[in-house]
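[1] need a structure here:
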Amino acid sequence: MLNRRCFVGLVVVPFAPGGSTDITARLVSNRLQEVWGQSVVVENRPGAGGNIAADNVAHSEPDGYTIFIVGPGQATNQFLYPSLSYDPVGDFAPVTLLITQPNLMCVPNSSPAKSVQEFIAYCNANKGKVTYASSGNGTTLHLSGELFKRLAKVEMTHIPYRGGAPAINDLIPGRVDVIFDNMPSILSHVKAGSVRGLAVTTKERVAVVPDIPTIAEQGVPGFDVMSWFGFFVPAKTPQDIVARINADTNAALAHPSVKTRLEELGATPKGSTPAELANFLKSEIDKWGPVIRDRMWLEPGG
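    Sure, this is the predicted structure:
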């Protein structure tokens with residue numbers, strides 16, 4: 001049994017159950033629970049593009065009991081929201097990079113579009129009426145939608161949800177027209193035939209869906225978006241605790257039961273040092289900050 005000071009009792013997910021963040025958190029947490037022999041609770045705290053959960057974790061005790069699974073919003077929200085109640089860098093200690101993953105552009109089966117070019121034609125024929133869903137402001141679902149608007153020169157209205165699962169629930173019956181969802185949460189729906197996958201968002205095709213082309217190769221050159229998740233803890237968490245969580249999480253990511261399942265869902269298990277995750281987060285901030293702030297194709301809070 002782990003020393004109590006090294007025990008993480010709570011993994012906070014900033015989105016609703018059933019989405020990619022939640023799926024990843026539960027896969028890894030279940031393995032950590034087996035290793036530690038103690039309960040690891042996954043708690044969903046959705047809202048405000050992940051800011052509610054981030055604020056909760058930032059102001060939690062730095063005792064190793066609270067861990068935060070974050071994604072691109074940790075890099076982008078500071079540019080989208082004018083006054084955050086936390087510092088996305090200074091209030092957190094990085095632990096490890098969990099996964100990277102492509103997104104998948106999907107439409108309802110009722111959509112007339114069977115390719116990216118057909119969807120662009122649909123947008124042009126229905127100006128002001130086309131909507132795209134996301135799991136919240138600042139997520140790669142949101143960024144993908146805005147980048148698609150810009151590069152494909154189409155009009156779409158953003159509909160943010162409190163997670164990927166409720167967004168998919170509205171996509172299936174056609175309440176929204178398209179989603180650029182994380183692969184782990186949407187892939188099962190594509191394989192089941194409940195939605196239609198048009199393209200992957202990365203610059204290269206993905207092994208688990210080799211027949212689905214990229215957005216770029218379907219006439220939108222330069223389109224390349226990848227999502228990621230990492231574990232963070234409150235700043236000032238003792239380094240020995242951070243090191244133990246890092247080692248056990250990296251081992252969990254390499255365990256066949258976790259690694260195989262993540263790969264089946266279209267994700268790439270990673271694992272890193274805390275310093276590597278810190279550098280990765282900085283690179284994401286440097287990448288998206290100028291795009292959001294200077295090019296003005298994303299409005300703050302929108």
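
[2] touching, residue 43 and residue 16? I think so.
    No. Using Cβ atoms under 8 Å, residue 43 makes no contact with residue 16, being 11.7 Å away. Where C-beta positions appear, they are placed from N, C-alpha and C, glycine not excepted.

[3] so which of the two has more stuff around it?
    Between residue 43 and residue 16, residue 16 has the larger neighbour count (other Cβ atoms under 10 Å), namely 21 against 13.

[4] contacts only, for that one.
    Residues near residue 16 by Cβ atoms under 8 Å, 6 or more residues apart in numbering: 22, 44, 46, 161-166.

[5] walk me through the domains of this protein.
    Here the domain parsing of the chain from automatic domain parsing is 4-100+226-294, 102-218.

[6] for this protein, give me the ranges with low pLDDT.
    Per-residue confidence for the chain (pLDDT under 70) gives these ranges: 1-8, 294-302.

[7] what do you get if the cut-off is 80, keeping everything else the same?
    Within the chain, the ranges that satisfy pLDDT under 80 run 1-8, 291, 293-302.

[8] mind listing the helices for it?
    20-36, 51-58, 73-80, 116-125, 140-152, 164-171, 183-192, 239-254, 256-264, 274-294 (DSSP state H).

[9] surely residue 46 is in contact with residue 163?
    Yes. Proximity of residue 46 to residue 163 meets the contact threshold set by Cβ under 8 Å, at 5.3 Å.

[10] what's the overlap in contacts for the two?
    Counting by Cβ under 8 Å, 6+ apart, the shared contacts of residue 46 and residue 163 are 15-16, 136.

[11] so which of the residues you listed is the closest to residue 170?
    Of all the shared contacts of residue 46 and residue 163, residue 170 sits closest to residue 16, with 12.5 Å by Cβ to Cβ.

[12] which residue sits closest to that closest one, ignoring its sequence neighbours?
    Spatially, and ignoring its direct neighbours in sequence, residue 16 is nearest to residue 163 (2.9 Å; Cβ to Cβ, 6 or more residues apart in numbering).

[13] where does the one you found sit relative to residue 178, distance-wise?
    Using Cβ to Cβ, to the nearest Å, residue 163 is found at 17 Å from residue 178.

[14] for residue 286, give me its contacts.
    Applying Cβ under 8 Å, 6+ apart to residue 286 gives no contacts.

[15] with residue 253 instead?
    Taking Cβ under 8 Å, 6+ apart, we find residue 253 in contact with 28, 96, 98-99, 259, 262, 269-271.

[16] please indicate which of the residues you listed are buried?
    By neighbour count, with 16 or more other Cβ atoms under 10 Å, those hold 28, 96, 98-99, 259, 262, 269-271 as buried.

[17] nearest to residue 280 among those residues?
    Of all these, residue 270 has the smallest distance to residue 280: 9.2 Å, by Cβ to Cβ.

[18] got the phi/psi numbers for that closest one?
    Per-residue torsions, residue 270: phi -120, psi -90 (degrees, to the nearest 10).

[19] so it sits right up against residue 97, yeah?
    Yes. Contact between residue 270 and residue 97 holds when scored by Cβ under 8 Å: they sit 4.5 Å apart.

[20] thinking again about what came up before, of residue 46 and residue 163, who's got more company?
    Using other Cβ under 10 Å as the criterion, residue 46 and residue 163 rank with residue 163 on top: 27 against 23.

[21] can you tell me how far the more buried one is from residue 157?
    For residue 163, the distance to residue 157 equals 19 Å [Cβ to Cβ].

[22] just residue 103 next, same as before
    Distance from residue 103 to residue 157, by Cβ to Cβ: 19 Å.

[23] in stretch 111-120, what counts as buried?
    111, 113, 116, 119-120.

[24] then it to CSV, C-alphas only?
    Written as CSV, here are the backbone C-alpha positions of stretch 111-120 (Å, rounded to 0.1, in the frame of the first residue of the first chain):
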residue,chain,number,x,y,z
SER,A,111,-26.5,15.2,-43.5
PRO,A,112,-26.2,15.4,-47.3
ALA,A,113,-22.4,15.8,-47.0
LYS,A,114,-20.3,12.6,-47.6
SER,A,115,-17.0,14.5,-48.0
VAL,A,116,-15.3,17.7,-46.8
GLN,A,117,-16.0,19.4,-50.1
GLU,A,118,-19.6,18.4,-50.0
PHE,A,119,-19.8,19.8,-46.5
ILE,A,120,-18.3,23.1,-47.7
